[in-house]
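[1] no FASTA, just this:
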């Protein structure tokens with residue numbers, strides 16, 4: 001709901017439990033008034049008449065109070081907007097007007113020929129903010145920095161900052177620390193979202209998993225980005241974030257050009273970290289992820305079974321075994337195209353290898369469909385191998401600096417997707433591919449960072465950092481429109497491109513290349529702070545885990561770990577015993593029964609994965625499912641009971657289904673006794689209200 005004061009200078013956005021208010025003064029200063037529990041318009045108007053403190057001359061009364069601080073004038077805090085022309089730098093804007101469209105509020109300001117429009121929209125309790133910059137002047141101007149939003153927190157003592165850090169194969173690790181004076185900056189200067197941080201932060205003072213105020217912010221951008229959390233000299237806290245990592249130059253706007261920033265979303269919750277997560281999940285399932293109301297199928301992916309050594313006959317053998325255990329989507333990974341017999345050749349040549357697939361992909365796709373499964377493939381369109389037909393024909397199509405060595409990671413270079421000719425080529429290749437066979441799913445990978453981000457001959461080469469991402473979005477949008485039955489998964493060597501921007505165009509994401517089921521518990525715990533299980537792909541692979549650590553784990557533990565998200569199988573089914581295949585079939589059958597709860601239910605993190613017992617619970621309507629893992633147990637040490645969440649305390653619940661070792665589980669007012677024992681044990685319990 002959007003309410004406007006009679007003077008047309010105070011605006012209040014309200015959701016089910018929270019409100020957000022801003023005000024423009026008579027001096028055209030845009031001030032932040034409130035973000036937190038729900039208030040009335042009269043309360044916002046009362047906040048608007050409070051005088052600013054008198055801090056002069058060494059501190060500004062605007063710092064920490066402006067809704068969107070710009071560079072220039074009486075400000076010393078980090079600017080969200082930094083603009084440069086040939087004559088001057090900074091912004092001296094004046095408020096022009098506001099307009100509304102439903103619950104969308106647009107506040108328009110002008111500085112000479114530059115029109116800055118701030119957008120605010122509340123969806124449930126999530127506030128979406130973004131900015132458009134329209135150069136209506138006669139001359140070009142340079143955007144050194146154009147952040148999507150600055151968020152202002154209320155005065156509190158003892159703020160604590162939580163965020164997700166990591167690296168390849170160890171993504172999404174949750175860390176929390178006291179916020180101190182100065183700035184904490186996270187981000188990516190790699191050209192993609194990055195394995196090192198997800199673009200999300202949360203601040204609290206004393207919240208627990210289920211109680212207390214939590215303020216969270218998440219950026220929807222799949223390129224380089226930056227979020228800065230600052231505690232200012234007067235202890236006020238602001239969070240500023242947007243596209244681009246530094247202030248060396250984002251874009252040059254010619255006369256008549258317009259730039260729209262990505263969305264930077266914010267959420268207040270008084271339900272602790274768990275309540276905040278559930279609100280983020282519901283928001284993404286409702287407003288962000290395409291077709292989120294549909295169940296994601298159980299998939300098999302051929303990579304760990306075959307790597308590059310593939311053939312049509314071999315894939316058909318795996319497909320038969322996958323269908324026999326209940327898999328619903330069969331995916332041919334890397335190695336099906338061009339001269340792709342290793343990672344040294346073939347990227348960029350998106351045609352089936354005639355020796356491996358003499359009739360193209362259609363015969364295999366038809367065979368997979370006849371087995372009752374969907375058919376998918378792996379691609380990495382933004383990359384090229386020097387040993388490829390594409391690179392030999394167009395060596396200038398990659399990012400490179402003239403006179404410098406072209407850095408190769410994984411024997412590949414990054415195509416300059418900002419170029420229209422590269423965009424046209426990829427569209428033709430991928431559209432032809434998706435039209436050549438009944439393909440239902442595309443795993444879209446991105447396996448290296450930007451290093452030589454040059455564009456010889458372009459007057460403003462820095463623009464490729466932004467234009468590459470916008471071109472990626474446009475290509476995905478175009479492919480989805482032309483092939484509406486095809487689902488897309490975002491992958492970047494695992495979790496290197498996960499954010500609200502790419503999730504608005506893909507159906508799920510590859511969480512990590514690390515498929516070890518024990519390591520995955522911590523990765524999935526961090527991932528769940530912001531993103532729902534509905535988009536979190538998780539695989540069951542072989543044991544020992546030869547890809548990473550050699551750890552041995554039971555098939556039960558591997559399945560229950562992967563069942564916490566979108567279940568997939570990535571092991572070499574041709575080597576599994578009949579006993580293993582039979583057990584796998586039972587787990588897949590159980591997952592299909594609990595899938596609506598996992599993929600669409602409310603998540604409760606019962607115990608974090610810090611050793612010993614950890615567990616999650618999903619609740620949807622009158623049903624619930626608990627997944628529990630025992631990492632290690634000392635002899636004679638009892639396993640603690642799990643106190644369940646989200647259930648009616650006055651109701652009784654019957655046990656519909658249990659995982660194999662869970663037959664002795666009981667429910668009492670103390671909670672759930674799992675019956676787990678030993679090391680790397682796991683359990684599943686499905687409940688229904690009676």
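    Sure, I can see it. None of the values given here were measured: they were computed from a predicted structure.
[2] so who does residue 218 touch?
    The neighbours of residue 218, taking CB atoms under 8 Å, 6 or more residues apart in numbering as the test, are 199, 200, 264, 265, 267, 280, 499, 500, 530. C-beta: built from backbone N, CA, C; applies to glycine.
[3] Cross the residues you listed against strands and list the overlap.
    199, 200, 264, 265, 267 (DSSP state E).
[4] Out of those, which is nearest to residue 46?
    Of all the ones in strands among the contacts of residue 218, residue 267 has the smallest distance to residue 46: 24.7 Å, by CB to CB.
[5] from what I can see the closest one touches residue 276, true?
    Yes - between residue 267 and residue 276 a contact is recorded at 6.1 Å, counting by CB atoms under 8 Å.
[6] Please identify which of the two sits among more neighbours.
    Just comparing residue 267 and residue 276: by other CB atoms under 10 Å the higher neighbour count belongs to residue 276, 27 against 24.
[7] picking up where we left off before, tell me the residues that contact both of residue 267 and residue 276, please.
    Residues touching both residue 267 and residue 276 by CB under 8 Å, 6+ apart: residue 216.
[8] Report pLDDT for residue 404.
    Turning to residue 404, the model gives it a pLDDT of 94.
[9] From what I see, it and residue 452 are in contact.
    Yes - between residue 404 and residue 452 there is a contact under CB under 8 Å: 6.4 Å.
[10] of these two, who's got more company?
    In this view residue 404 and residue 452 are compared by other CB under 10 Å, and residue 452 has more residues nearby, 15 against 10.
[11] dump the residue contacts of the residue nearest the centre of the chain.
    Most central in the chain under CA atoms, centre = their mean is residue 499, positioned 2.7 Å from the mean C-alpha point. Contact partners of residue 499, counting by CB under 8 Å, 6+ apart, are 193, 198, 199, 218, 219, 220, 221, 222, 225.
[12] for residue 3, same thing?
    Residues near residue 3 by CB under 8 Å, 6+ apart: 11, 12, 13, 14, 41.
[13] quick one on the thing from earlier: what is the most widely separated pair among the contacts of residue 499?
    218 and 222 (12.8 Å).
[14] Could you check the top helix by length along the chain and say which residues are buried?
    Across the chain, the longest stretch assigned as helix under DSSP state H is helix 578-600. Buried residues in helix 578-600, counted by 16 or more other CB atoms under 10 Å: 580, 583-584, 587-588, 590-591, 594-595, 597-600.
[15] Work out the gap between it and the centre of the chain.
    26 Å (CA atoms, centre = their mean, to the nearest Å).
[16] do stretch 343-359 as well
    Centre-to-centre, stretch 343-359 and its host chain are 31 Å apart (CA atoms, centre = their mean).
[17] which ones are touching the nearest residue to residue 604 once chain neighbours are set aside?
    Nearest non-adjacent residue to residue 604, counting by CB to CB, 6 or more residues apart in numbering: residue 645, 3.8 Å away. Counting by CB under 8 Å, 6+ apart, residue 645 makes contact with 210, 274, 604, 606, 617, 619.
[18] and what of residue 220?
    Going by CB under 8 Å, 6+ apart, residue 220 touches 199, 262, 263, 264, 265, 288, 499, 500, 501, 503, 504.
[19] What of residue 567?
    By CB under 8 Å, 6+ apart, the residues touching residue 567 are 298, 299, 538, 540, 559, 588, 591, 595.
[20] if you set the cut-off to 10 Å instead, what comes out?
    Applying CB atoms under 10 Å, 6 or more residues apart in numbering to residue 567 gives the contacts 296-299, 326-328, 537-540, 559, 587-588, 591-592, 594-595, 598-599.
[21] Please tell me how far it sits from residue 495.
    Separation of residue 567 from residue 495 (CB to CB, to the nearest Å) stands at 18 Å.
[22] circling back to that earlier point, which one of the buried residues of helix 578-600 is nearest residue 23?
    residue 600 (39.1 Å).
[23] Confirm for me that that closest one is in contact with residue 532.
    Yes - counting by CB atoms under 10 Å, residue 532 is a contact partner of residue 600 at 8.4 Å.
[24] shared neighbours of those two, which are they?
    Residues touching both residue 600 and residue 532 (CB under 10 Å, 6+ apart) are 281, 282, 285, 292.
[25] show me what contacts the nearest residue to the first one once chain neighbours are set aside?
    Distances taken as CB to CB, 6+ apart put residue 532 closest to residue 281, at 3.7 Å, once the chain neighbours are dropped. By CB under 10 Å, 6+ apart, the residues touching residue 532 are 277-278, 280-285, 288-289, 292, 503, 565, 598-603.
[26] secondary structure element for residue 363?
    Using DSSP states H and E, residue 363 sits within helix 362-370.
[27] Just name whatever secondary elements that helix is in contact with.
    Contacting helix 362-370 under the criterion 3 or more CB pairs under 10 Å, 6 or more residues apart in numbering; DSSP states H and E are the following elements: helix 312-324, strand 329-332, strand 374-379.
[28] picking that back up, closest to residue 86 among the contacts of residue 218?
    Taking CB to CB as the measure, residue 86 sits nearest to residue 264 out of the contacts of residue 218, at 30.0 Å.
[29] Now do the same contact list for the closest one.
    The contact partners of residue 264, by CB under 10 Å, 6+ apart, come to 80, 127-131, 147-151, 199, 217-221, 225, 227, 239-243, 500.
[30] And for the closest residue to it other than its chain neighbours, the neighbour number?
    Once flanking residues are discounted, residue 264 sits nearest to residue 148: 3.6 Å by CB to CB, 6+ apart. Residue 148: 27 surrounding residues under other CB under 10 Å.
[31] Tell me if I'm right that residue 148 and residue 128 touch.
    Yes - assessed by CB under 10 Å, residue 148 is found in contact with residue 128 at 9.5 Å.
[32] now residue 349: how far from residue 359?
    Shown here: residue 349 relative to residue 359, a distance of 18 Å by CB to CB.
[33] the more surrounded of the two?
    Neighbour tally, residue 349 and residue 359, criterion other CB under 10 Å: the higher count belongs to residue 349, 19 against 12.
[34] May I ask which helix or strand encompasses residue 223?
    For residue 223, there is no helix or strand it lies in under DSSP H and E.
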